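> 3D model of this:
(one chain, ligands or ions: 2)
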Amino acid sequence: MIVVMKQQATQAQMDAAIQIMKEGGVKVMVSRGTEATVLGAEGNAKNIDQERLSQLPGVERVMRVSEPFKMANRKYHPDDTVVELPGGGAVGGKKLAVFAGPCSVESRAQITAIAGQVKLAGAAGLRGGAFKPRTSPYSFQGMGDGGIRLLEEARAETGLPIVSEIMSTDDLPLFEEHVDVIQIGARNMQNFDLLKHMGKTTKPILLKRGMSSTIEEWLMSAEYIMDSGNCRVILCERGIRTFESYTRNTLDLSAVLAVKQLSHLPVLVDPSHACGHAWMVERMAMAAVAAGADGLLIEVHNDPKNALCDGPQSITPEDFARLMERLAPLAQCAGKEL
Ligand code: PEP
Ligand code: MN
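Ligands and ions are numbered 1, 2, ... in the order given. Model (predicted):
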């Protein structure tokens, strides 16, 4: 249930409404937006006296909400959420946030070279996997802790906040101490224990869409993190499995629009994992910005042919710089800046 207060409602009128909601046995989430203040009931709202609530002075309207996600729901939080990053950047505001870097951190020389180049081209953050979810146990599994340290060195040189994927709750202390944005990969989108642990940190969580997950399931995963205490969630569409096999996945750009309609959370698009082909990345990135994405996640490698992971979908730093230039006018069309 949500209660929309009149714009001129007083604090006392709001307190009275909150009181009735609490008597109905729910927790109340207050969201002060530019348009209206909204009171959201968290928990089962069936015992709330809706009649009494509707008649209170200061109450504009009371609505039952049919969607199962609440904290992630735009009805509860009409304004867009802006997730701030260390160093002054943000995801979800006017400025497009582009995160770029290799699939995996491979060496000091590799990550520092890429970091310097994507920084110059205007990236908002540096991505790099240290703990990799690989289909085969015989594939490169990532550098682990050592990879995180190298990302930190790259951050010290460039000032770029670092994004890396977590796979185990055991690593949360390491990530809390050293990483700026914690990524939950597609394969772990419904790892509910991991999601609950993400509620215990104050770091922003980049939540990728599972490869076979519906938009509602994805938002329910965001709800797990938010309900566990962390509202700094950034969504990321990375393509879904369909019958098509020419591309690695099928980029669902309509999900950007759906998520923006249903939720206040910012949404990024990852054209690299969606397409699986480096040559498709630029155009799909442009399409994502035109569709209204808040930013992008792009795999960039200085030697894609010899990359230890996801080389075929990685663009070079030069391609990335050109992509950023081409995005600028599109960003403007979409009401954003780069
Ligand atoms: C990645 O970002 O390198 C990655 C493994 O992505 P996804 O979880 O979307 O497959
Ligand atoms: Mn990858």
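> check contacts around N44.
Residues in contact with N44 (C-beta atoms under 8 Å, 6 or more residues apart in numbering) are 25-26. No exception for glycine: its C-beta is placed from N, CA and C like everyone else's.
> T247 versus that one, what's the distance?
43 Å (C-beta to C-beta, to the nearest Å).
> mind listing what whichever residue of the stretch 201-338 of the chain sits closest to ligand 1 touches?
In the stretch 201-338 of the chain, the residue that lies nearest ligand 1 is R238 (3.8 Å; C-beta to the nearest ligand atom). Counting by C-beta under 8 Å, 6+ apart, R238 makes contact with 186, 208-209, 211, 249, 269-270, 273-274, 297.
> one more time with 6 Å, if that's ok
Residues in contact with R238 (C-beta atoms under 6 Å, 6 or more residues apart in numbering) are 186, 208-209, 270, 273-274.
> among these, name the ones in strands.
K208 (DSSP state E).
> list just the nearest of the contacts of R238 to ligand 2.
Nearest to ligand 2 among the contacts of R238: H273, at 5.8 Å, using C-beta to the ion.
> contacts for stretch 136-143, please.
Among residues not part of stretch 136-143, those counted as contacts by C-beta under 6 Å, 6+ apart are 104-105, 129-132, 308-309.
> quick one: which two of those are the most distant?
Largest separation among the contacts of stretch 136-143 by C-beta to C-beta: F131 and L308, giving 13.6 Å.
> who has more neighbours, the two?
More neighbours sit around F131 than around the other of F131 and L308, counting by other C-beta atoms under 10 Å; the figures are 22 against 19.
> which residues are in contact with the more buried one?
With contacts defined as C-beta under 6 Å, 6+ apart, F131 is in contact with 142, 167.
> okay, S212: pLDDT?
S212 is assigned a predicted lDDT (pLDDT) of 98.
> would you list the phi and psi of it?
phi -130, psi 30 (degrees, to the nearest 10).
> how about it: what's its closest non-neighbour residue?
Ranked by C-beta to C-beta, 6 or more residues apart in numbering and with sequence neighbours excluded, the top spatial neighbour of S212 is R241, at 5.3 Å.
> distance of the residue in the stretch 101-250 of the chain that ligand 1 sits nearest to from ligand 2?
When distances are taken as C-beta to the nearest ligand atom, the stretch 101-250 of the chain reaches nearest to ligand 1 at G185, 3.0 Å away. The gap separating G185 from ligand 2 is 9 Å, by C-beta to the ion, to the nearest Å.
> I'd assumed M167 was in contact with that residue.
No - at 7.4 Å, G185 does not count as touching M167 under the criterion of C-beta atoms under 6 Å.
> what is the neighbour count of whichever residue of the stretch 1-150 of the chain sits closest to ligand 2?
Of the residues in the stretch 1-150 of the chain, the one nearest ligand 2 is C103, at a distance of 3.2 Å by C-beta to the ion. Counted by other C-beta under 10 Å, the residues lying close to C103 total 25.
> what does Y138 give?
The local packing count at Y138 equals 7, with neighbours defined by other C-beta under 10 Å.
> with H264 instead?
With other C-beta under 10 Å as criterion, H264 counts 22.
> residue contacts, it?
Each residue near H264 by C-beta under 6 Å, 6+ apart is listed here: 74, 77, 80-81.
> show me the common contact partners of G185 and M167, please.
Between them, G185 and M167 share these contacting residues under C-beta under 6 Å, 6+ apart: P133.
> compare the two (neighbour count), which wins?
Taking neighbours as other C-beta under 10 Å, G185 and M167 compare with G185 leading, 23 against 20.
> chain neighbours aside, what residue packs nearest to E176?
Going by C-beta to C-beta, 6+ apart, E176 has T201 as its nearest residue, at 5.4 Å.
> show the pLDDT at Q7.
89.
> about what we covered before: tell me the pLDDT of the residue of the stretch 201-338 of the chain closest to ligand 1.
R238 carries a pLDDT score of 98 in this model.
> what does G128 give?
At G128, the pLDDT value in this model is 98.
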